[in-house]
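Novice: This is a predicted model, with the sequence first.
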Amino acid sequence: MFLTAIDRYSWRKSLEAICIPVGAVLVALIIFGVFCAVVGANPFGVYGSIYKAAFGGWSAWQRTFIQASPLMLSALCTVLPARLGLVIIGNEGALVMGGLGAIAVGLSLGESLPPLLVQIGMAMGGMLFGGIWIAIAGALRHYRAVNETISSLLLNYIAIAFLNHLVGGPMRDPSSLNKPSTFPIAEINRLGDIPGTRIHYGLLYGLIACIVAYILIQRTTFGFAARTAGGNVRAAQIAGLPVGKLTIIICFLAGSCAGLAGMVEVAAVHGVANESLNVGYGYGGILVAFVARHNPLASALVATLLGGILASGGILQRSHDLPDATVLVFQGLVFLMVLYSDSLYGRFAFFQERETLPSNLSPIE
Amino acid sequence: MTEKLKLSRRQIVRGILATTAFGLTSKFGTGCSSQSGTGQTSEDEPLVVGFIYVGPKDDFGYNQSHAEGAAAVAELTGFKVIEQANVPETQAVQETMREMIEIDGAKVLFPTSFGYFDPHILEIAEEFPDVQFFHAGGLYEEGMPANVGSYFGYIDEAQYLAGIVAAHNTKTGKLGFVAAKPIPQVLRNINGYTLGAKSINPEITTQVVFTGDWAAPVKEAEAVNSMVNQGADVITCHVDSPKVVIETASKRGVFCTGYHTDQSALAPEAYLTGAEWDWKSIYTQYANWVKEGKSLMNGDIPHIVRGGLAENFWELSPYGPAVSEAAKADAEAIKEKFADASMVIYSGELKDNEGQVILSDGEAYEQQAIELETTDWLVDGVQGSV
Amino acid sequence: MAQALGWWGVPLGIIAGTFRGSVPFLFVSLGECLTEKSGKINLGLEGTLLTGAMSSYAISYLTGSPWLGVIGAGLAGMALGAIHGWLSQQPRVNDVAVGIAMIIFGSGVAFFLGKPFIKPSAPQLPTIDLGNWSNLTQVQAALKISPLFILGMAIAFLMQWFFKSTRWGLYVRAVGDNPDAARAMGISVFKVRMVSIIVGSFLAGIGGAALSLYYPGVWTERISSGQGLIAVALVIFARWNPIQCLYASLLFGGARSLGPALQSVGIDWGYYLFNAVPYVLTLAIMIITCSPKRRLTGAPGALGTDK
């Protein structure tokens, strides 16, 4: 919303699209400051620490990006179906299934192919598994009218149970002693870091996926068809749009983004699949998607913001003696405020189009 | 009172000596490293030690036992302890370690959860070769970074004693064990417990229920209930937080033995004894080593530190009121043998519960045996499978 | 004298687990049922459940009265419900998104304030012992019913009657089915939903009290492990019918004791898969009963729309 606004609306609208979410974050910061003061921590010290840990310098930025990169991909799992009017919350399950798909390909290819091909294969495996997982929810929605929010929620739990079962039994590497895991992929097939940083390539994947998703939705006929169907299913059907096909394809693409996030976790971070795939990136991604108002580009920004919040969680504990739950309170406040701020668009007279511009202001466009 | 006073005076003296020693080495340290600007490291600047926990610090279990150890280090002069709880076993822990090193200046880190070891600690350790990483339970191997060390205790010794006490208190001859996952550390505790019980009465069996989760309160309570229904009348566990197991057992009117920390306050009547970690003494020992200028890198601190009662890795909870004098005598007799390291738990002939011979007559696994760290079998007498 | 039950332990374990484990499900699902009937969804009940569990345990510990704890849990739930009810009705604000933010906020508050109460033991709710006729301790233990269970059952029937036969029940259904028509009838959609969500959260808070003051009867940060979220699915499983919520809660509660009960008689294959049984079952039932040709019986028309 932030970026598209510029070429479509006047500067007042653009300013509104920036001021409202930023204002919401500021209000959340103030409330959180009061909360800190009540429990006996110096709010200004806390602000300083959050800034220092999340955005104060290159190392801190890298920390933020590391936290943000799985969220970008996982958010797209909710963003894309939202254009069809579907609320998918199966991100966690698709991520887990993607991780399983990636490890399955990675282990069966071994070192038989050049690393690049194996990596591509793993990415395909992850995207395929994750994609199918959400496509199930989409297909159930279209053919059986099963509520996609609930079915994708249920699919999360099923995927996690499946992961635990495979990792604890059939796929377990006996030498993974006290943390049951699958066999590791070959060291040479691991995804590395972006040169000069400690951020793995997952961030790049995330950014590219966000841009591709944006172009797909905003600039292609396919995206137009999806948005039309999302606006009014019946009208779309009358216009001859293949709504069922659209639903399944969009859901597949959405799931494959989360699946790719799972592949990145396996190929770049752990080298194996184990229960660390299931640490809440999925639920974080849902929030990112909604806060970004289902705009893929804004998702990248919001993921970075959430990454920053998560990155600052540690310093609150270490430097301010606040319990580990503090970062949850902070996160909850920020998101509640930003979600609320959505309702404020159009409420401030200052941001409204003037019928006749005041004489002392010249139009920019 | 005087005893306490003497101890603290001794500690202070030791502290002063150690600080001086540390001051020297740290000066050497800064002299060698390329970083400058931190030259003011002096005797009065404390050594920063970081502790990282996978869950909340006050869980009445695994994380709390480590946090109590951290508190003991914080008491020592010349140390500053920083802690972070609820750090998942993902890149998040790598970032936490990095922050502790870069922002807080930590020189020693204790990331306590098993899943932190590979790949997270190994990666960060390579990057910060002058920081020492000590990890609970990891298996150090040749070729791993020189600044990584691993420690763990043979707490199956304590479970063996708990098994002895349990055997004296069971009437049905059935013990119940609520276990999180079938991994070597857990299986070893189940085996130790069962062998201890069988040393008193070879007919005793132990029923195991795996919950599949390190913390699943409802499932743990269900597990206790279902085993009590099957006649088990002494319950113990290996889960992150034994609180639910202890309280549920006590409500069902059966006995229980604890794990990780002392849970006797939760069930004063039903609590027989428990296997408690004693990280205090381990962490104090590490702290003192580092203060004396010893390090993993120059080989003064061994990469693998393991130990049982003889090395103060565990202690036994005080016996509860239901423990008979005979049970105490039996347990104490074996405890003395653990204390002078003359006790061998695993000796032939030993079969697993599928009839396979693990150790034939005359063979034995000493506690240090590496085979025990990869235990994937349950001893004869355990009902359940891996 | 306790004796082994053998295979009889499995059905007994499941029955006992059903009575014990279903109470939180029952309250959360009734709360969610009321909420969804008014046309809004509240995923945040997971956070409400945790806040309820924490506050009831804390109050019971501090005052020594578990019943005060139950009331406190309900009030804490209402506070969170008020936030959700107000926020999710603002224009362009999606209720699913607010719900997830409320999970984070609610659990954050519960964990933050709950730190000092993890260690102490709080007085527990009394139980009604229906099993004293038997001399088997297993049966006696299995039939220790919580008064909350009885209360929950009563509320289920009461809610059924409320929807069917009262004017206020009609308002809730009207608002949930067709808010525009309800508005035309002169009903305040905002107020009806606000009240429904707040009362629903009150019930969910009591569900939390059942966790910490009855079974398993402790306060830890992992006490809920997703039960609040599952209750949302459970309501659909029960087709928005309070009586069926009761049955579904019993089923879900019982399903969770299946794994441990089977392991204790020696069947220990695939316990992770047993854990997934309730979810697979719900999905299967949804697939069978849903149809693109007609709306689910009982489904509120405005659910999942922005109306």
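Specialist: All right, it came through fine. Numbering: from 1, shown residues only, chains lettered A, B, ... in the order given.

Novice: make it CA atoms for all contacts and neighbour counts henceforth
Specialist: OK.

Novice: tell me the mean pLDDT for the longest helix anywhere in chain C?
Specialist: Secondary structure of chain C read by DSSP state H shows that its longest helix is helix C:9-37. Mean pLDDT, helix C:9-37: 90.

Novice: near chain B, anything from it?
Specialist: Yes - using C-alpha under 8 Å from any C-alpha of the partner chain, helix C:9-37 reaches chain B at C:9-10, C:13, C:17, C:21.

Novice: any idea how far chain A is from the nearest residue to B:Ala287 once chain neighbours are set aside?
Specialist: Nearest residue to B:Ala287 in three dimensions, chain neighbours excluded: B:Val73, at 6.9 Å (C-alpha to C-alpha, 6 or more residues apart in numbering or on different chains). Distance, B:Val73 to chain A, using C-alpha to the nearest C-alpha, to the nearest Å: 16 Å.

Novice: again, but for B:Ile164
Specialist: Computed as C-alpha to the nearest C-alpha, the B:Ile164 to chain A distance reads 26 Å.

Novice: same check, this time on B:Lys243
Specialist: Taking C-alpha to the nearest C-alpha, one finds B:Lys243 at 21 Å from chain A.

Novice: just checking, B:Tyr271 touches B:Tyr259?
Specialist: No - contact between B:Tyr271 and B:Tyr259 fails when scored by C-alpha atoms under 8 Å: they sit 11.1 Å apart.

Novice: How about the longest helix of chain C, which residues are buried there?
Specialist: C:9-10, C:12-37 (16 or more other C-alpha atoms under 10 Å in any protein chain shown).

Novice: tell me how far stretch A:218-232 is from the chain's mean position?
Specialist: Counting by C-alpha atoms, centre = their mean, to the nearest Å, stretch A:218-232 is centred 21 Å from the centre of its parent chain.

Novice: Now that stretch: buried residues?
Specialist: Buried, per 16+ other C-alpha under 10 Å, within stretch A:218-232: A:218, A:223, A:225-230.

Novice: same question, stretch A:317-334
Specialist: Applying a neighbour-count criterion of 16+ other C-alpha under 10 Å, one finds A:317-318, A:320, A:322-334 buried in stretch A:317-334.

Novice: check which helix or strand covers the residue in the stretch 251-365 of chain A positioned nearest to chain C.
Specialist: Ranked by C-alpha to the nearest C-alpha, the top residue of the stretch 251-365 of chain A for proximity to chain C is A:Gly332, at 4.1 Å. Per DSSP states H and E, A:Gly332 falls inside helix A:326-341.

Novice: How many neighbouring residues does C:Ile41 have?
Specialist: Counted with other C-alpha atoms under 10 Å in any protein chain shown, the neighbours of C:Ile41 add up to 25.

Novice: Give the helix, strand or coil label for it.
Specialist: What DSSP: H, G, I helix; E, B strand; the rest coil gives for C:Ile41 is coil.

Novice: Provide a list of residues in contact with the closest residue to chain A within the stretch 251-386 of chain B.
Specialist: Residue nearest to chain A within the stretch 251-386 of chain B (C-alpha to the nearest C-alpha): B:Thr374, separated by 6.4 Å. Contact analysis of B:Thr374 by C-alpha atoms under 8 Å, 6 or more residues apart in numbering or on different chains lists A:175, A:177, B:184.

Novice: got JSON lines for those residues, with pLDDT too?
Specialist: Output for these, formatted as JSON lines (pLDDT from 0 to 100):
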{"residue": "A:Ser175", "pLDDT": "82"}
{"residue": "A:Leu177", "pLDDT": "81"}
{"residue": "B:Pro184", "pLDDT": "91"}
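
Novice: From those residues, pick the one nearest chain C.
Specialist: B:Pro184 (17.7 Å).

Novice: ok, the closest one - contacts?
Specialist: By C-alpha under 8 Å, 6+ apart, the contact set of B:Pro184 is A:177-178, B:372-376.

Novice: In space, what's closest to it - neighbours in sequence excluded?
Specialist: Among residues not flanking B:Pro184 along the chain, B:Thr375 sits closest, at 4.7 Å (C-alpha to C-alpha, 6+ apart).

Novice: do the same with A:Trp133
Specialist: A:Ala94 is the one closest to A:Trp133 (C-alpha to C-alpha, 6+ apart), at 5.8 Å.

Novice: So which residues on the stretch 201-350 of chain A come close to chain B?
Specialist: So far as C-alpha under 8 Å from any C-alpha goes, the stretch 201-350 of chain A lies against chain B at A:269-270, A:276, A:279, A:314, A:317-318, A:324.

Novice: ok, those residues vs B:Asn288, which is closest?
Specialist: Taking C-alpha to C-alpha as the measure, B:Asn288 sits nearest to A:Arg318 out of those, at 23.0 Å.

Novice: Quick check: the closest one touching B:Val81?
Specialist: No - with contacts counted by C-alpha under 8 Å, A:Arg318 stays clear of B:Val81, the gap being 9.2 Å.

Novice: Chain C contacts on the stretch 151-300 of chain B?
Specialist: B:172, B:207-212, B:215-219, B:221-223, B:225-232, B:243-244, B:248, B:252, B:266.

Novice: so of those, which ones are in strands?
Specialist: Members of these lying in strands (criterion: DSSP state E): B:207-210.

Novice: wait, what's in contact with the residue in chain C that chain A sits nearest to?
Specialist: As assessed by C-alpha to the nearest C-alpha, chain A sits closest to C:Phe105 within chain C, at 4.1 Å. The contact partners of C:Phe105, taken as C-alpha under 8 Å, 6+ apart, are A:328-333, C:47.

Novice: Am I right that it sits in a helix?
Specialist: Yes - assessed with three-state DSSP, C:Phe105 lies in a helix.
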